[in-house]
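In: here's a sequence, model it:
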Amino acid sequence: MALYATAASVLAGVESRRGSIKGLVYASSFQNVKQLYALVCETQRYSSVLDAVITSAGLLRAEKKLRPHLAKVLVYELLLGKGFKGGSGGRWKPLLDRHQARLKAELARLKVHRGVSKNEDLLQVESKPGPASQVPRFVRVNTLKTCCDDAVDYFKRQGFSYQGRASSLGDLRALKGKCFLLDPLLPELLVFPAQTDLHDHPLYQAGHLILQDKASCLPAVLLAPPPGSHVIDACAAPGNKTSHLAALLKNQGKIFAFDLDAGRLASMATLLARAGVSCCELAEEDFLAVSPSDQRYRQVQYILLDPSCSGSGMATRRLEEPGAGTPSKARLQALAGFQRRALCHALTFPSLQRLVYSTCSLCQEENEDVVRDALQQNSGTFRLVPVLPSWPHRGLGTFPGAERCLRASPETTLTGGFFVAVLERVEVPR
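Out: Okay, here's the model as predicted:
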């Protein structure tokens, strides 16, 4: 099956330092990027366990044509993943069937040896899931193709139990089994228990649902462009936020979406087509090279800027590149320099009225410091807008007004780590 071969290729690429997991996944030709990414990350997380089981079972000695990375992916799926049901597994299923009993016995023996009963307990302490593993599965209903009521009804017909609108984070923490809720803040966001896998769900495959963390939904919601607006999505790939903007615009108006990575942009085009987006113009271009005086952008009043960042708020990022959870000072300085230039550049668009700056970083250098510097360079022209007063996690108090920014984390908001700031042009009295 192409999924397993592609996952093995990505793992081999990561090991040989050809790129990060995310970069290699997006550069692959596999259509279901989310499914591939999840499989690679989980296989990588259990890598040492899988190596031990495969070695003890003598799998590679018995099957000379089976390459190590593919063996690891297949054994993960057999023992720790979904298993091979129906026609999944393709030509590798008979091979795995021959060794299934031995592989399961070696996994059981490893658990006894380490004195554990659960698969998770086999992981090293640093690989065990922390609070991030308790983050619910957030699912944005794509209003370009369906409505929330219809999506809820579909899940109910599948045997899920709809619990209505949540009233607190406690309700989200308590989700179990096949129960789901409507998010208490965002009207088109459904919430399922952590680890719920909907990558194969027909509504997701048809573009009716977007699997998107709640914090990642905030930028488009807070930018709030009305239908008919012209919007720039400055660093757009992989496209979830772009599709969210299109839904808010009801496909009326124009989104100019820029990204430098051709592979990510190609995947984004597929995502947008599946989501029914028709108001977006994609460009393989560096946003810093886009001229604010270009007549194409004379009506742009809204900009969403979610630039490249350290990803220190993403729980899975530690698998993608060594030390990603704690970026070096030099890397932070380089990223913050780019982010500062991108934000200051965005603020030069002449018709701009409102801008959202966001990152999936927890680092002050990429967040409050960038916003502070941009405001200082544009003193009296733009201001920070106070948003979502009930949001529990605010910006670090590093400059006056920083509390108007939003932060997010698994511990405080039950989401991925995130930062959002909303800037608005100051009206000049006439």
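In: tally of neighbours for residue 65?
Out: Using other C-beta atoms under 10 Å, residue 65 has 7 other residues around it. Where C-beta positions appear, they are placed from N, C-alpha and C, glycine not excepted.
In: what comes up buried for the longest helix seen in the chain?
Out: When the chain is scanned for its longest helix (criterion: DSSP state H), the result is helix 93-114. Using 16 or more other C-beta atoms under 10 Å as the test for burial, helix 93-114 gives 93, 95, 96, 99, 100, 103, 106, 107, 111.
In: cool, and stretch 381-400?
Out: 382, 383, 384, 385, 387, 393, 394, 395, 399.
In: swap in stretch 159-174?
Out: Buried, per 16+ other C-beta under 10 Å, within stretch 159-174: 160, 166, 171, 172.
In: looking at this structure, which helix or strand is least sure?
Out: In the chain, no helix or strand scores lower on mean pLDDT, DSSP states H and E than helix 317-320, which sits at a mean of 51.
In: nearest to residue 182, of the buried residues of stretch 159-174?
Out: Nearest to residue 182, judged by C-beta to C-beta, of the buried residues of stretch 159-174 is residue 166 at 6.7 Å.
In: my read: the closest one touches residue 184, true?
Out: Yes: counting by C-beta atoms under 8 Å, residue 184 is a contact partner of residue 166 at 4.5 Å.
In: tell me where this protein has strands.
Out: 137-141, 161-165, 179-182, 189-192, 209-211, 230-233, 254-259, 280-284, 300-305, 354-359, 382-384, 406-408, 418-425 (DSSP state E).
In: what residues are up against the residue lying closest to residue 27 once chain neighbours are set aside?
Out: Nearest in space to residue 27, with sequence neighbours left out and distances taken as C-beta to C-beta, 6 or more residues apart in numbering, is residue 263 at 4.2 Å. If you count contacts by C-beta atoms under 8 Å, 6 or more residues apart in numbering, residue 263 has them with 23, 26, 27.
In: where is pLDDT lowest across the buried residues of helix 93-114?
Out: Looking at the buried residues of helix 93-114 by pLDDT, the weakest one is residue 93, with 80.
In: do you know how far it is from residue 395?
Out: Separation of residue 93 from residue 395 (C-beta to C-beta, to the nearest Å): 52 Å.
In: swap in residue 306?
Out: For residue 306, the distance to residue 395 - C-beta to C-beta - is 17 Å.
In: equivalent analysis for residue 308, please.
Out: Counting by C-beta to C-beta, the gap from residue 308 to residue 395 is 21 Å.
In: residue 98 now?
Out: To residue 395, residue 98 is 57 Å away according to C-beta to C-beta.
In: and residue 16, what's its pLDDT?
Out: On pLDDT, residue 16 comes in at 73.
In: cool, and residue 9?
Out: We have a pLDDT of 91 for residue 9.
In: quick one, what contacts the residue lying closest to it once chain neighbours are set aside?
Out: Spatial nearest neighbour of residue 9, excluding adjacent residues (C-beta to C-beta, 6+ apart): residue 28 at 7.1 Å. Residue 28 makes contact with 6, 9, 10, 36, according to C-beta under 8 Å, 6+ apart.
In: how far away is residue 28 from residue 71?
Out: From residue 28 to residue 71 the distance is 19 Å (C-beta to C-beta).
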